[in-house]
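**Student:** sequence first, predicted model second:
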Amino acid sequence: MHLSQSARSVSALLTRWRFLTNSSSLPLPLSNSSPAATPASAEMVWNVPLYEHDHPWYDHVRLKRVFVTDGTRHQVVMVDARKLLECADRDNTDYVLKPVAEWHAGKVRGIREFLDPDNPRIPQMPYVTISTRRAPGLLGWVGLEREGVVAFRNGQHRARYLADAGARWFPVEVHEREAALLREMCGAADDARTAIRPITVDGGGNPP
């Protein structure tokens with residue numbers, strides 16, 4: 001017995017419904033999961049120029065992110081080196097380093113070799129946190145003026161060496177809830193976004 005047109009339509013709909021129900025538990029394809037689209041070893045690197053002519057060993061430093069896993073709640077902020085260290089010098093809770101000129105020769109050499117762009121291992125950018133406190137003087141006392149206080153969670157030696165070697169700006173990483181405050185207190189000039197652009201490199205540190 002032949003099915004009527006309406007019966008065949010109902011049967012086709014039921015068949016399609018069963019197919020969709022059974023396939024709904026299958027894993028969905030991940031976006032950008034193709035190795036050709038995004039190599040697993042690829043990472044972003046910031047080339048920081050050094051403008052100090054008395055630093056003959058190299059003219060730039062490479063830095064990469066600290067937090068690279070998906071869903072990280074940290075941001076990269078381009079900071080003015082002088083402003084950042086001024087805020088860091090106000091820290092009275094964590095260890096604050098002396099100027100580079102007062103470091104012993106072995107420490108200077110070690111940081112210089114660590115930051116050398118010919119080093120196959122790319123150093124991580126400094127990782128900081130920032131808060132504010134009342135500024136000195138009358139305006140601070142009445143709560144009308146505040147100043148930034150930066151604490152290094154990692155990378156204080158490299159930050160101070162970069163500034164001493166002539167870096168005007170460099171990237172740091174900070175928690176997303178403090179990113180706006182860090183930009184306000186220590187943010188780099190617009191020139192920094194032109195001078196320092198992140199690039200993608202492969203596992204050997206070369207552009208893919």
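**Tutor:** Great, that's in hand. Only a predicted model underlies this, so the values are computations on that prediction, with no experimental measurement involved. Residues are numbered from 1 along each chain as shown.

**Student:** quick one: low-confidence ranges for the chain?
**Tutor:** 1-41, 70, 137-143, 203-205, 207-208 (pLDDT under 70).

**Student:** centroid-nearest residue for it?
**Tutor:** Taking Cα atoms, centre = their mean as the criterion, residue 76 is the residue nearest the geometric centre of the chain, at 3.4 Å.

**Student:** quick one: it and residue 98, what's the gap?
**Tutor:** 28 Å (Cβ to Cβ, to the nearest Å). Placement of C-beta: from N, CA and C, glycine included.

**Student:** ditto for residue 43
**Tutor:** For residue 43, the distance to residue 98 equals 33 Å [Cβ to Cβ].

**Student:** just the element for the residue nearest to the centre of the chain, please.
**Tutor:** strand 74-80 (DSSP states H and E).

**Student:** got a list of contacts for that strand?
**Tutor:** 46, 65-67, 125, 127, 168-176, 179, 182-183, 186-189, 192-193, 196, 198 (Cβ atoms under 8 Å, 6 or more residues apart in numbering).

**Student:** 7 Å - rerun?
**Tutor:** Strand 74-80 is contacted by residues 65, 67, 169-176, 179, 182-183, 186-189, 192-193, 196 when judged by Cβ atoms under 7 Å, 6 or more residues apart in numbering.

**Student:** contacts only, for residue 191.
**Tutor:** Taking Cβ under 7 Å, 6+ apart as the definition, residue 191 has no contacts.

**Student:** does the residue nearest to the centre of the chain have beta-bridge partners, and which?
**Tutor:** Beta-bridge pairing of residue 76 under DSSP bridges involves residue 173.

**Student:** buried ones in stretch 69-85, by neighbour count?
**Tutor:** 74, 75, 76, 77, 78, 79, 80, 81, 83, 84, 85 (16 or more other Cβ atoms under 10 Å).

**Student:** can you show me the helices along the protein?
**Tutor:** 5-23, 81-88, 105-115, 138-141, 156-164, 179-186, 191-195 (DSSP state H).

**Student:** who has more neighbours, residue 43 and residue 98?
**Tutor:** Higher neighbour count among residue 43 and residue 98: residue 43, with 17 against 8, using other Cβ atoms under 10 Å.
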